[in-house]
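A.B. asks: I need the structure of the sequence given here:
(chains A and B)
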Amino acid sequence: MDELKKIIESEQVVKENLDKYTVYVPNFSIKKSKMERLANWAFSATTTPFPDKGYTIKGMNIILYLPIILVTIMFLSFSIMS
Amino acid sequence: MYIRELKSGGPMNLYKASEVINHFQKGDLTALETIYQMYKDPLYRFIYRYTNHEQLSIDIVQDTFEKLQKNRHRYDANKGALKTYLYQIAFNTMRTKLKRRSRFNRLLPFLVEQTSEKICSPEDRITIQTAILALPEELRAVIILAYYHDLTQREIAKIVDIPIGTVKSRLFRALQKLKKELGGQMDG
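C.D. replies: The predicted structure follows:
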C-alpha cells in the first residue's frame, strides 16, 4: 500500500468517514453538444436573488408595481408642467 | 474489441494497455472508447468529490476526453502513466472552470447553479462530503487523490503541480482539518 494511504488509514475517524463517501456515477456519453450543455445550464436550479423570508402578497405587489406607478406619476407630472 | 477484452478479462495488463495507447495515438476511436470506459468513473468520482456538482463533473470528464483526443500526440508514455496524464488534464480543466464560475458568481450571483450540497436538508449537512468541501482547494485535491485513487506522492505532485514534499505536508494539514471537523461532529 502506498505511504500516503497508510497515513490516512492511521486516522481511524477520518478513514471511516472517507469510506462512507461513495459516489454514484451516472451514465453519460463521451461527448455532449454545446446545445445540450446550454440547456442543462439554463434549466438548472439556481439560488434566489431575494432573501428567503418576509414576503407577503401585498409586499410582492408593491415591489412589482411600485416602479410602474412611480414612472406613471413622473410622466403625468411632466406632461402637466409642460 | 478492447472493451470486450476489458470486460471479460478484468484489469488490462501492461501489454494491452500500451497497445491500446498506441492505437489511440494513431487515431483509433475504439481505443479512445476503451480508455474512456476505463477512466470515466474514477475521473467523475474525483471531480464530483472535489466540486460536489453532478453536471459540472460530467462536463469536465467530457472536456478531459475531448482534450485528450485533440492532444493525443503530446502524450509521452515515458514521462508518466496515462492515468496521471488524464487526472492532470481533468484537474486543470476543473480549476479553470471553477475560477471562471467564481468570477461569474461575483458578477451575477442569482444565475449560478446550486450545488447538491445546497439542496440537501440541514440534517444531512455535516458529513464527510461537506467536510471535504470545506477544505481549502489546495488540500482537497491531495486527500481525494491519495485516498480514493491510489496515486503515489510523485503522481499527485505531477497532477496538482506542486513539489513532492508539499504533497505530504498538505495531506497532514488536510487530515488535521478533517479530524477537527468530524471530531466536532461526533462530539456534538
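
A.B. asks: which strands and helices lie in contact with the longest helix anywhere in chain B?
C.D. replies: When chain B is parsed with DSSP state H, its longest helix is helix B:82-107. The contact analysis (3 or more C-beta pairs under 8 Å, 6 or more residues apart in numbering or on different chains; DSSP states H and E) places helix B:82-107 against helix B:29-51, helix B:54-70, helix B:137-148, helix B:153-160. C-beta: built from backbone N, CA, C; applies to glycine.

A.B. asks: could I get the average pLDDT for the helix or strand just after the shortest one?
C.D. replies: Looking back up the chat, that one is helix B:153-160. Next helix or strand after helix B:153-160 toward the C-terminus (DSSP states H and E): helix B:164-187. In this model, helix B:164-187 carries a mean pLDDT of 84.

A.B. asks: could you export helix B:164-187 as CSV, CA atoms only?
C.D. replies: These are the backbone C-alpha positions of helix B:164-187, laid out as CSV (Å, rounded to 0.1, in the frame of the first residue of the first chain):
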residue,chain,number,x,y,z
ILE,B,164,6.8,16.1,-4.0
GLY,B,165,7.5,17.2,-0.4
THR,B,166,4.5,19.5,-0.4
VAL,B,167,2.1,16.6,-1.1
LYS,B,168,2.8,15.1,2.3
SER,B,169,2.6,18.3,4.2
ARG,B,170,-0.7,19.2,2.6
LEU,B,171,-2.0,15.7,3.4
PHE,B,172,-1.2,16.2,7.0
ARG,B,173,-2.9,19.6,7.1
ALA,B,174,-6.0,18.1,5.4
LEU,B,175,-6.1,15.3,7.9
GLN,B,176,-5.9,17.7,10.8
LYS,B,177,-8.7,19.8,9.5
LEU,B,178,-10.9,16.8,8.7
LYS,B,179,-10.2,15.3,12.1
LYS,B,180,-11.2,18.6,13.8
GLU,B,181,-14.4,18.9,11.7
LEU,B,182,-15.5,15.3,12.0
GLY,B,183,-14.4,15.0,15.6
GLY,B,184,-16.6,18.0,16.4
GLN,B,185,-19.5,16.4,14.6
MET,B,186,-19.1,13.2,16.6
ASP,B,187,-18.9,15.1,19.9
